[in-house]
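# predicted model follows, preceded by the sequence.
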Amino acid sequence: MHYYTGQIIGLIVAETQAIAQEAVGLVKVHYSELPHILSIEEAIENNSYFPVNRRIVKGDIEKGLEEADFVFEGETRIGGQEHFYLETQATLIIPKLEDKEFEIHSSTQNPTETQITVASVLGIDANRIVCRVKRLGGGFGGKETRSIPLSLALAVGAWHLKKPIRCMLDRDEDIIISGQRHPFLGRWKVGVTKDGKLLAMDVQIYNNGGWSADLSVAVLERSMTHVDNCYYVPNVRIIGHLCKTNIHSNTAFRGFGGPQGMMITENIMCEIADSMGIDVNDFREKNLYVEGQQTHFNQTLKDWHVPLIYRQVKNDSEFEKRREEIDKFNSEHKWRKRGLALIPTKFGISFTALHLNQAGALVHIYHDGSVLISHGGVEMGQGLHTKMLQIAAETLDVPLETVHLMETATNLVGNTSATAASVSSDINGYAVSNACKTLAERLKPYREKMPDKSFKEIVHAAYFDRVNLSANGFYKTPDIGYNWDKNEGQMFFYFTMGAACTEVEIDVLTGDHTILRTDLCMDIGRSINYAIDVGQIEGAFVQGVGWCTIEETLHFPNGHTIHSSKGVGEPPLFLGSSVFFAIRDAIKSARQSNNNGATVALSSPATPEIIRLACDDEIVKNCKVERKDGESAWALRV
Ligand code: MTE
Ligand code: HPA
Ligand code: MOS
């Protein structure tokens, strides 16, 4: 059965890549167009869902909506995003003929799942398979599970041919085969009091899972837990639906549904404020959670700094002064408009699947005084290994240069979780630290006995005394464990918080935009490595900007599918949306100069085309551009 364009239908193995690619070109595939469902709207129309029932209910939604002075309804549409990691999906499988062993080198965020799944496909035990990962040329979630099908296909080939097989997808193959960020649709009904307090929030969330469920349930769950963003609402009902469609299987992408959930909220905030004629920042500030309040999934907020961060960014960015300057600029320019937005964020840190919140490490001290560490996480550019080396050096109290990390491998540390959910430095860091503490304890008597000696001499003495200089470490995140049926138990170990203020200028005639300035503040606790964390914040922000402004996945309705990607961990990504909301603010000004007071309902990404149309001036009206929701001028947004 075939489900989508780009589905793998077979494997051609040849002696060189060139021969294999030529052979692929000779394969004739006959397509017949079957009934198909591409977009969320089409899935809803055809009742095409994966059987998933997820809801979070707090308070009394009916009563809340009834008691509200105003009730607003709307729809928020959010597009997908191609990972565009530098290195495409790649795997090398080496069969070891003796004892049916297999060595896998894969560009995967998930060595254990690769090992276990290959074992089950080959019908052998996992103890005969080692998956080794030196580093990835970027993953961004796209290699959390979608790296595995390639390893499976190659493993079957290697099994039959008894030869090593390697494959690295070409970019076009990678884009068409592997999944992307989930497009989302939120349908909402929100009740507000006349003094601007949120009272009730009823949201139906739909995500486009593609042809297989993959991680879509977990992505949907995270979106549902982030749809409050930073605001307290006493009565909440969130219902999640997972749409089954005939596109690639959508998957993890930095933020993992969180940004999509928060995008729905922030659109709600803007549209309600505009409809009520109140200032959106006052509206936001009035509804920010305060310390000790509970989220809709009943987690009490401790160490809650968002109101402080929000005010700090507001001050540092000279928000009020620039607001006036921008209003002045806009009154003097018809075809260029500036916009300003200040967006807060919180991101829940923990895998929502409890069992994944565990990690292991293995540390050897060799008797020349050098240290080798291994842990469960993979390096994909996020600087994880550097942080792990720092933790080991600090715990063992040795110079950083004496500690080395070779690779991640399933025969060094077993049963590892995917490197994901922004928890890797927390959980692997504790595991490394626990292993090093054990070793430091064993070396303590020697250090005390030989205070003037070098580490090498101390280790050597311990070795001669037959002390075990290897240790493993383990860590599981304490306190967490949420029950979806009862809406109780702690979902996240903690939240990472931040805010960003962005000013943009749009060209009303072309729909183009320029970011003039962004002020951003993240509370990252006590940073292990400041340079890495700043890099993560900047990288996530820019990736978030791409997501909600210029990157757009379009499906052409003629049977061919073309994806056009122009283009600390996850938490800062959503702040890229400050650009989107600044654009929205500029569009509002453009409309106002035309005495067009209609509320702006902007779907993401705000591409030049969308921005141009949203300005909705006399030129657009004269063009009579007809556009159905969710549809660009010439192709379908899924
Ligand atoms: N940074 C780089 N350079 N490359 C990546 O692939 N992935 C992101 C983020 N930062 C990624 C990245 C994603 S999706 C996650 S979940 C986290 O890194 C995972 O790593 P961490 O847990 O060590 O933060
Ligand atoms: N985040 C990222 N990846 C995941 C999660 C999650 O919450 N759950 C399963 N895989
Ligand atoms: Mo990140 S999307 O959790 O790999």
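The structure has been received and is ready for your questions. Ligands and ions are numbered 1, 2, ... in the order given.
# show me which residues of the stretch 51-200 of the chain are close to ligand 1?
Gly138, Gly139, Phe140, Gly141 (C-beta under 6 Å from any ligand atom). All C-beta atoms are positioned from the backbone trio N, CA, C, and that covers glycine.
# closest one to ligand 2 out of the residues you listed, please.
The nearest member of those to ligand 2, counting by C-beta to the nearest ligand atom, is Gly141 at 7.1 Å.
# related to what we said a few turns ago, can you lay out the residues of the stretch 51-200 of the chain next to ligand 1 as TSV showing secondary structure and neighbour count?
What follows is those, written out as TSV (DSSP: H, G, I helix; E, B strand; the rest coil; neighbours: other C-beta atoms under 10 Å):
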residue	secondary structure	neighbour count
Gly138	coil	18
Gly139	coil	28
Phe140	coil	26
Gly141	coil	27
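# would a markdown table of those with pLDDT be doable?
Formatted as a markdown table, these follow (pLDDT from 0 to 100):
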| residue | pLDDT |
| --- | --- |
| Gly138 | 98 |
| Gly139 | 98 |
| Phe140 | 98 |
| Gly141 | 98 |
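# pull the number of nearby residues for the closest residue to ligand 1 within the stretch 151-300 of the chain.
Residue nearest to ligand 1 within the stretch 151-300 of the chain: Arg254 (3.7 Å; C-beta to the nearest ligand atom). As a burial measure, Arg254 scores 26 neighbours (other C-beta atoms under 10 Å).
# now swap in Asp452 and tell me
Neighbour tally, Asp452, other C-beta under 10 Å: 5.
# sec struct for it, please.
Under the three-state scheme (DSSP: H, G, I helix; E, B strand; the rest coil), Asp452 adopts coil.
# tell me how far it lies from ligand 2.
49 Å (C-beta to the nearest ligand atom, to the nearest Å).
# what does that residue show for phi and psi?
phi -100, psi 0 (degrees, to the nearest 10).
# list the contacts for Lys302?
Glu291, Gly292 (C-beta atoms under 8 Å, 6 or more residues apart in numbering).
# surely Val71 is in contact with Val190?
Yes: look at Val71 against Val190 with C-beta atoms under 8 Å: they come within range, at 7.0 Å.
# which residues do these two both contact?
In contact with both Val71 and Val190: Ala200, using C-beta under 8 Å, 6+ apart.
# of these two, who's got more company?
Val190 (24 against 16).
# sorry, back to before: so which of the residues of the stretch 51-200 of the chain next to ligand 1 also contact ligand 3?
Gly141.
# need the max-distance pair from the residues of the stretch 51-200 of the chain next to ligand 1.
Greatest spacing in these, by C-beta to C-beta: Gly138 and Gly141 (10.2 Å).
# mutual contacts of the two, please.
Residues touching both Gly138 and Gly141 (C-beta under 8 Å, 6+ apart): His83.
# what residues does the stretch 251-400 of the chain put near ligand 2?
Ala252, Phe256, Phe351, Thr352, Ala353, Leu356.
# give me the nearest residue to the fourth one, chain neighbours excluded.
Counting by C-beta to C-beta, 6 or more residues apart in numbering, Glu221 is the residue found nearest to Thr352 once chain neighbours are left out, at 5.1 Å.
# wait, that neighbour sits on Gly257?
Yes: under the criterion of C-beta under 8 Å, Glu221 makes contact with Gly257 at 7.2 Å.
# more neighbours: these two, which one.
Gly257 (29 against 24).
# give the contact list for the residue in the stretch 401-550 of the chain that ligand 1 sits nearest to.
Residue nearest to ligand 1 within the stretch 401-550 of the chain (C-beta to the nearest ligand atom): Ser424, separated by 3.1 Å. When the contact criterion is C-beta under 8 Å, 6+ apart, the partners of Ser424 are Ala359, Gly377, Gln382, Leu384.
# for these, work out which two are farthest apart.
Across the contacts of Ser424 (C-beta to C-beta), the longest gap, 15.3 Å, separates Ala359 and Gln382.
# for the residue of the stretch 151-300 of the chain closest to ligand 1, grab phi and psi.
According to degrees, to the nearest 10, Arg254 has phi -10, psi 110.
# same question, the one 3 residues further on
Main-chain torsions, Gly257, degrees, to the nearest 10: phi 90, psi -20.
# do the same with Phe283
Torsion angles, degrees, to the nearest 10, at Phe283: phi -60, psi -40.
# roughly how far does it sit from Thr419?
38 Å (C-beta to C-beta, to the nearest Å).
# residues from the stretch 451-600 of the chain in reach of ligand 3?
So the stretch 451-600 of the chain meets ligand 3 at Glu570 (C-beta under 6 Å from any ligand atom).
# looking at the stretch 451-600 of the chain, which residue is nearest ligand 2?
Glu570 (8.1 Å).
# correct me if wrong: Phe351 contacts Thr419.
No: judged on C-beta under 8 Å, Phe351 makes no contact with Thr419 at a distance of 11.2 Å.
# who has more neighbours out of the two?
Per other C-beta under 10 Å, whichever of Phe351 and Thr419 has more neighbours is Thr419, with 30 against 24.
# for beta bridges, what are the partners of Glu503?
With beta bridges defined as DSSP bridges, Glu503 has these partners: Leu340, Arg517.
# what are the ranges of the strands in the stretch 401-550 of the chain?
Applying DSSP state E, counting those that start in this stretch to the stretch 401-550 of the chain gives strands spanning 403-405, 408-409, 470-476, 494-507, 513-523.
# stretch 386-405: which residues count as buried?
By neighbour count with 16 or more other C-beta atoms under 10 Å, stretch 386-405 contains the buried residues 386-393, 395-396, 398, 402-403, 405.
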